[in-house]
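Engineer: Pasting the sequence and the predicted model now:
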Amino acid sequence: MNKNEIPSTLEPEMDNYQKQLVDSCFEEGQYIAGIKALEQLRSPNHRPAGYHIRQLLYIALHPAKKSPAIQVPGSPSKLEKRRLRTLMSISLEASLAAQRTLFAFAQTNSLEAIFNALPSLSRTEDATGSIEDSPLAIEALCISRCKSCWNLLSPGLIQPTAEQFHVKRYPSSDSEEDDLEPVVADHAWPVLKWLIFLFEHDEARMERKGLPRHSPCLLEQIPAPKGERNLRWEVEAPLDIVFSCLKAPESHQLLGARLFMLIINLSSTTFFDFHAFVIGVYKRVTAQSDILDDFLTLLSRLSCTLAVLRFKVTFLQKCLAPTAISSRTSRPKPQARAPAKQKRYEEPPSTNRGASVPSQRITSKPVLPSFADISKALGNPPPKTVRSMNNTVSFELLASYGTLQSQIAVPERDSEWMELESDDRWEALLDTVFKDRDNADSYRSILTTLRTTW
């Protein structure tokens, strides 16, 4: 199948004989042999069973353990217990092999074949289980019991032997007695990387269809709106992961940036509440005094797409003017009107439908701050939450707004911004923003250089 072709139907599942080859290996605790069998059976013409995907996930998520020590014979009951422990003794080699095979299936088979096996908030997964009662089949049921894919990354999902492993914990700021688990288990980062790869692949499919770049599969991992709301907005779980990456090693920071980019891209559609998202992120950043710099570093890793620039402008303007009301959203004079018909929530198009959706129907253009609003925010004394980073925030806001204006059509550009074509007006703006500030000359120089590219 051509890699650019978007399948409208699922490929057939492996036949019973093929599945039993794998089941027999897993039942005997021969995990590497079973994974190799899956790898050899891998084909775009048939998909793996959903329960095999979940069993691969269980092996991939299992904390790596050292090779077991040689045991002396014991009583029959002890031998049976030891046999069961041996069957569930998943080696580091098996875990790494499972991770590689998950990536291989993601590149060979349709996204539906993979996502149908995963937990979801908006879809019933393919819950067909193995007919075998092997220890792996039983233990892997924990994957099916997860509510969403984010739960797969939890440190408490798969518990290794207590005497060999312990969960890394950090002290809580609320109580010295309480322990706070990390958001992502130490051994779950490769699976997070795999999930991000799937979502990015899903985005590319939508873009090839002429739709805004976004992942419907990611939308399925976000709770559906309740009550009268018709937009999804609760992204607390993935944001927990993003913010846990801010002070993590470099490789984890890059994963956090990729995941945040995926969330931002949802704001290009009419299924996601952009402004609720910005407010949620703002509250998280300002709730901790020491993460604004790290968060700005994360934003600097993102590509300068329209979706990213819209977020940066709206977020940075809010940092400087938390209580400001946009001049573009002034309230009209009250009038007597007939009761509005309640708008029903519209489910986003599923990835397994072949029907095309008009791009205009789902493309969103959020209302952004005007340049008048931004100028006012830049000229006011900075709030306490960003005072130490005021120069950087002001610089990033001007740079992002200028880049955004250069990327949109001329008729849509802000009229007051267009008036800055005069050098005198530009210098006056920089004098207002960076007057008597540290490192003002360097910020002015960089912005003036950037201006030549807008």
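Structural biologist: Now that the structure is in, tell me what you want to look at.

Engineer: contacts, neighbours, all on C-alpha from now
Structural biologist: Fine.

Engineer: Wait, residue 450 touches residue 399, no?
Structural biologist: Yes. Contact criterion Cα atoms under 8 Å: residue 450 and residue 399 qualify, at 7.4 Å.

Engineer: out of these two, which sits in the busier spot?
Structural biologist: Each of residue 450 and residue 399 has its neighbours counted (other Cα atoms under 10 Å); residue 399 has more, 20 against 13.

Engineer: so who does that one touch?
Structural biologist: By Cα atoms under 8 Å, 6 or more residues apart in numbering, the contact set of residue 399 is 447, 450.

Engineer: pLDDT at it, what is it?
Structural biologist: If you check residue 399, the pLDDT there is 96.

Engineer: do the same with the one 5 residues further on
Structural biologist: Looking at residue 404, its pLDDT stands at 96.

Engineer: For it, pull up the helix or strand it's in.
Structural biologist: Using DSSP states H and E, residue 404 sits within helix 390-407.

Engineer: What residues of the next helix or strand after that helix count as buried?
Structural biologist: Next helix or strand after helix 390-407 toward the C-terminus (DSSP H and E): helix 415-418. By 16 or more other Cα atoms under 10 Å, the buried positions in helix 415-418 come out as residue 417.

Engineer: Make 4 the starting number, not 1.
Structural biologist: All set: I'll call the first residue 4, so the last point we hit is now helix 418-421.

Engineer: How about the next helix or strand after helix 418-421, which residues are buried there?
Structural biologist: Per DSSP H and E, the first helix or strand lying C-terminal to helix 418-421 is helix 426-437. The neighbour-count check on helix 426-437 (16+ other Cα under 10 Å) flags 429, 432, 433, 436, 437 as buried.

Engineer: Just the pLDDT for the residue nearest to the first one when sequence neighbours are not counted.
Structural biologist: What it means is residue 429. For residue 429, ignoring the flanking residues on the chain, the nearest one in space by Cα to Cα, 6 or more residues apart in numbering is residue 423 at 5.5 Å. At residue 423 the predicted local confidence, pLDDT, stands at 85.

Engineer: same deal with residue 66?
Structural biologist: At residue 66, pLDDT is 86.

Engineer: The closest residue to it other than its chain neighbours and residue 98, how far apart?
Structural biologist: Distances taken as Cα to Cα, 6+ apart place residue 190 nearest to residue 66, at 5.7 Å, with adjacent residues excluded. Relative to residue 98, residue 190 is positioned 10 Å away (Cα to Cα, to the nearest Å).

Engineer: again with residue 47
Structural biologist: Here residue 47 is placed at a distance of 24 Å from residue 98 (Cα to Cα).

Engineer: Neighbour count: these two, which is higher?
Structural biologist: residue 98 (25 against 15).

Engineer: Dihedrals phi and psi, residue 49?
Structural biologist: Per-residue torsions, residue 49: phi -150, psi 150 (degrees, to the nearest 10).

Engineer: where does residue 230 land in three-state SS?
Structural biologist: Classification of residue 230 by DSSP: H, G, I helix; E, B strand; the rest coil places it in coil.

Engineer: Please work out how many residues are found near it.
Structural biologist: Neighbour count for residue 230, taken as other Cα under 10 Å: 7.

Engineer: what does the one 5 residues further on give?
Structural biologist: Counted with other Cα under 10 Å, the burial measure for residue 235 works out to 23 neighbours.

Engineer: nearest residue to it other than its sequence neighbours?
Structural biologist: Excluding its sequence neighbours, the residue lying closest to residue 235 (Cα to Cα, 6+ apart) is residue 275, at 4.8 Å.

Engineer: so that neighbour makes contact with residue 236?
Structural biologist: Yes. With contact defined as Cα under 8 Å, residue 275 counts as touching residue 236 (6.0 Å).
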